[in-house]
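Undergrad: just to be clear, the model below is a prediction. Sequence and coordinates:
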Number of protein chains: 2
Amino acid sequence: MGQYSLKEIAKELGVSRGTLDRVIHNRGGIGSETTDRVQTYLQSIGYKPNRVGRSLARMKEMLLYVSFHDTKNEFFKEIQAGLKAAENEIADFGFKVQFEDVSKSSASQIKCIREAMRNGMSGLALSPYEPDAAFEELVDEIVKSGVPVVTFNNDVVNCGRMAYVGINYYTSGRVAGEVLAKSVKSGSVAILRRSSSYFQNQQRITGFTEVIDSFEHIQVAGSFGGSADYDSAYKNTKRIIDTVPDLHGLLMLNNESDIITATCDAVSDSGLKPFDIVTFDLPSGCQREISNGRITATVCQDPFSQGYYCVKILFKYLLDECRPTKSLYSTRLDVIYKENLDSYNKELYRSFF
Amino acid sequence: MGQYSLKEIAKELGVSRGTLDRVIHNRGGIGSETTDRVQTYLQSIGYKPNRVGRSLARMKEMLLYVSFHDTKNEFFKEIQAGLKAAENEIADFGFKVQFEDVSKSSASQIKCIREAMRNGMSGLALSPYEPDAAFEELVDEIVKSGVPVVTFNNDVVNCGRMAYVGINYYTSGRVAGEVLAKSVKSGSVAILRRSSSYFQNQQRITGFTEVIDSFEHIQVAGSFGGSADYDSAYKNTKRIIDTVPDLHGLLMLNNESDIITATCDAVSDSGLKPFDIVTFDLPSGCQREISNGRITATVCQDPFSQGYYCVKILFKYLLDECRPTKSLYSTRLDVIYKENLDSYNKELYRSFF
DNA sequence: CTGAAAGCGCTTACAG
DNA sequence: CTGAAAGCGCTTACAG
């Protein structure tokens, strides 16, 4: 199968397979001379351990613990699909993926992670509620205990996490800017903020505004406070339309179903045409309005890959003892219109793998 | 690890593991009573074979043969990356992926495939030069001999191939139409055909035209013959610009580097503004002009997944004995602009997996 | 029609 | 510091 097996190598070198194993994994307790001889030989033949043999022999079950906040969010379903796909792939190697619905606060999330540590986890995939100092400390503590940590969707920067899988929010704002600038013939565009304002949203607004400013035919009329329910969102949008002259486009940072419907309704009712709305991500509300033609396009961040690759990175590290070559793994920024929407819904992994 | 092992089940049922193996794989030669008893029990406990054990025990190396024409094409590099990624994943299970650079004719491609058959292949991934009757017959013959066939990028419809992985070319034309319609404020757009006209291109043109026709602010001025080199492409484009009144957009079906440069040069030199060009796929010429801002966007067909998933489907069938649930697997139709170009170049699999 | 044994490539105790 | 044996979950001849 694979090139050389330990059995063959052991025979060739006149040592036991146990010795080879100890050298390969730096388990210590082997004379420096033997160690050298073995290492040199392994190098020279380019020995690659067979993962199948390795995982069959290793009796220990590996638990990867995934901590994400706000798991009822539709967005998480996609991440979960990625996690599941990865788990499927690695289950035969003795790996399990477990995630917990963590309520909305840094403190409760940290509590759950500590609990998981106590129960014994082999790796942690983390999307922090808020990437503050408390998380930095926690991650460093976990890493120090020998457990690898990968962040996804939302990074924790100043700590020993092995890698981050997710997008650059500033860039996603830029993409949205380009899409809207391409669609709006002339006039002004407005930004609808979220009610709560995360750092991520601020980055998106910055990127978006920079790009719009680089075009001459349109300008940003300003950014407007978010709304929490249908009625206030409808009124809010109406008011913006009445206030801002020559308005032909909208960037929506809030993509909750109600808010999207309200905003689209208000725009429709105003009779303003042409009018382009660009959103982020792809919850069902977005999909519906893209199909309707009331939303022009959405900028999606490939959540599937965020779930999939954070698990795969941990897996590769734990099974192959191989660290990722980069610490930042950017997922795709997909621009989804009416005509290519379907091609995203039909993505391969959902149906078979 | 996995729930139940054959060892445990054999003990429980009072039969040997060999018998279990024979029942599980329908190898025959087991009494109907025993067969029933075993099957019922396996069902009741939801037995799932462990792939790791299976592939370690199976001594036979599995060879997946990939047949693609025009493998020097840049597009193939991406497909190849997908093939390699899949091979990496399945190598430990005893699978090899081999592909051959087949020269440009149906006959020579078929000859190579027959050669591979004789040498013994476990599965075939095929992108036919031209999906004609000769390929239909060949595929049926191969399938009849017990070797599964998956088509990718270019389908062979009337035959026993297990699945097709690739895009619907008509839909990709529609996506290009939507993108161009969104970008061009008003006036007409033209189609630049390829010199040789494949069925795929015709489908793209149909989809594109349908979408453009559905918008009122623009119309298709016509489709113009392809050019083979820089000079003729430059002149050709110049001529179109001079001939077609109010031209503000171009759909390019030919994405060879020279042709792209020539066309963009001609448009730049004409001073026409605003002007939008939309292309297909993402060869380096396209990337460069998207970065330049001379090409607005390209519609890409996710070639990586085409390579990756056609191998994975064969693998899953051969190892898990599990047929795909669908026969058509559509890959994504990505719309790539300047701002999200980078996010496609940085895709995860290239750097680590 | 069915069983017992050997083996795939590794790791894990145990022994010395 | 090193070796020999057992075992992970399967499949493959071989034997009867």
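TA: Done, it's in.
Undergrad: how deep is A:Asn119 tucked in, by neighbour count?
TA: For A:Asn119, the count of nearby residues is 10 (other C-beta atoms under 10 Å in any protein chain shown). To be clear about C-beta, it is placed using only N, CA and C from the backbone, and glycine gets the same treatment.
Undergrad: okay but A:Leu83 is in contact with A:Tyr65, surely?
TA: No. Using C-beta atoms under 8 Å, A:Leu83 is not in contact with A:Tyr65, being 11.2 Å away.
Undergrad: quick check: neighbours shared by the two?
TA: Taking C-beta atoms under 8 Å, 6 or more residues apart in numbering or on different chains as the criterion, A:Leu83 and A:Tyr65 both touch A:99, A:125.
Undergrad: what residues are up against the residue nearest to A:Asn292 when sequence neighbours are not counted?
TA: Leaving out its chain neighbours, the residue that sits closest to A:Asn292 by C-beta to C-beta, 6 or more residues apart in numbering or on different chains is A:Cys264, at 7.5 Å. Remark: with contacts taken as C-beta under 8 Å, 6+ apart, A:Cys264 is in contact with A:277, A:289, A:292, A:294-295.
Undergrad: quick one, domains of chain A?
TA: By the record's domain assignment, chain A is partitioned as A:6-49, A:62-167+A:304-332, A:169-300 (automatic domain parsing).
Undergrad: whether the first one contacts chain B - can you check?
TA: Put plainly, it is domain A:6-49. No. Remark: domain A:6-49 sits outside contact range of chain B, by C-beta under 8 Å from any C-beta of the partner chain, the gap being at least 8.9 Å.
Undergrad: quote the end-to-end distance of that domain.
TA: 8 Å (C-alpha to C-alpha, to the nearest Å).
Undergrad: gap between it and the chain center?
TA: 39 Å (C-alpha atoms, centre = their mean, to the nearest Å).
Undergrad: could you do the longest one as well?
TA: Taking C-alpha atoms, centre = their mean, one finds domain A:62-167+A:304-332 lying 10 Å from the centre of the chain it belongs to.
Undergrad: the last one too?
TA: With C-alpha atoms, centre = their mean as the basis, the distance from the averaged C-alpha position of domain A:169-300 to the chain average is 23 Å.
Undergrad: any idea how far apart the tips of it sit?
TA: 11 Å.
Undergrad: please apply the same query to the longest one.
TA: Taking C-alpha to C-alpha, domain A:62-167+A:304-332 runs 29 Å from one end to the other.
Undergrad: right, and A:Lys104 touches A:Asn73 too?
TA: No. Taking C-beta under 8 Å as the definition, A:Lys104 is not a contact partner of A:Asn73, at 10.3 Å.
Undergrad: the nearest residue to A:Asn154 once chain neighbours are set aside: neighbour count?
TA: Closest residue to A:Asn154 apart from its sequence neighbours, by C-beta to C-beta, 6+ apart: A:Ser127 at 4.9 Å. When neighbours are counted by other C-beta under 10 Å, A:Ser127 registers 28.
Undergrad: same thing with the one 4 residues further on?
TA: Applying other C-beta under 10 Å, we find 21 residues neighbouring A:Pro131.
Undergrad: give me the phi and psi angles of A:Leu333.
TA: phi -110, psi 100 (degrees, to the nearest 10).
Undergrad: so how far is A:Ile295 from it?
TA: Distance, A:Leu333 to A:Ile295, by C-beta to C-beta, to the nearest Å: 17 Å.
Undergrad: ends of stretch A:238-247, how far apart?
TA: Counting by C-alpha to C-alpha, you get 12 Å between the two ends of stretch A:238-247.
Undergrad: repeat for stretch A:311-329
TA: Criterion C-alpha to C-alpha; first-to-last residue distance in stretch A:311-329 is 13 Å.
Undergrad: is chain B contacted by it?
TA: Yes. Stretch A:311-329 reaches chain B (C-beta under 8 Å from any C-beta) through A:312-313, A:316, A:324-326, A:329.
Undergrad: neighbouring contacts of that stretch?
TA: With C-beta under 8 Å, 6+ apart, stretch A:311-329 has contacts from A:25, A:49, A:51, A:54-55, A:62, A:64, A:66, A:82-83, A:86-87, A:89-90, A:93, A:95, A:97, A:122-125, A:148, A:150, A:161-166, A:309, B:346, B:348, B:351-353.
Undergrad: close to DNA strand C, is that stretch?
TA: No. Contact of stretch A:311-329 with DNA strand C (C-beta under 7 Å from any atom of the strand) is absent, the minimum separation being 8.7 Å.
Undergrad: buried sites along that stretch?
TA: Residues A:311-319, A:324, A:329 are the ones in stretch A:311-329 that count as buried (16 or more other C-beta atoms under 10 Å in any protein chain shown).
Undergrad: want to throw those into JSON lines with secondary structure?
TA: Shown next, in JSON lines, are the buried residues of stretch A:311-329 (DSSP: H, G, I helix; E, B strand; the rest coil):
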{"residue": "A:Val311", "secondary structure": "helix"}
{"residue": "A:Lys312", "secondary structure": "helix"}
{"residue": "A:Ile313", "secondary structure": "helix"}
{"residue": "A:Leu314", "secondary structure": "helix"}
{"residue": "A:Phe315", "secondary structure": "helix"}
{"residue": "A:Lys316", "secondary structure": "helix"}
{"residue": "A:Tyr317", "secondary structure": "helix"}
{"residue": "A:Leu318", "secondary structure": "helix"}
{"residue": "A:Leu319", "secondary structure": "helix"}
{"residue": "A:Pro324", "secondary structure": "coil"}
{"residue": "A:Tyr329", "secondary structure": "strand"}
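Undergrad: which of those residues lies closest to B:Lys77?
TA: Here the nearest of the buried residues of stretch A:311-329 to B:Lys77, counting by C-beta to C-beta, is A:Tyr329; it sits at 21.2 Å.
Undergrad: nearest residue to the closest one other than its sequence neighbours?
TA: Nearest non-adjacent residue to A:Tyr329, counting by C-beta to C-beta, 6+ apart: A:Val165, 4.5 Å away.
Undergrad: again with A:Val311
TA: A:Ala86 (3.7 Å).
Undergrad: what helices or strands is the host helix or strand of that neighbour leaning on?
TA: Assessed by DSSP states H and E, A:Ala86 sits inside helix A:74-90. Using 3 or more C-beta pairs under 8 Å, 6 or more residues apart in numbering or on different chains; DSSP states H and E as the contact criterion, the elements in contact with helix A:74-90 are strand A:62-69, strand A:95-102, helix A:303-320.
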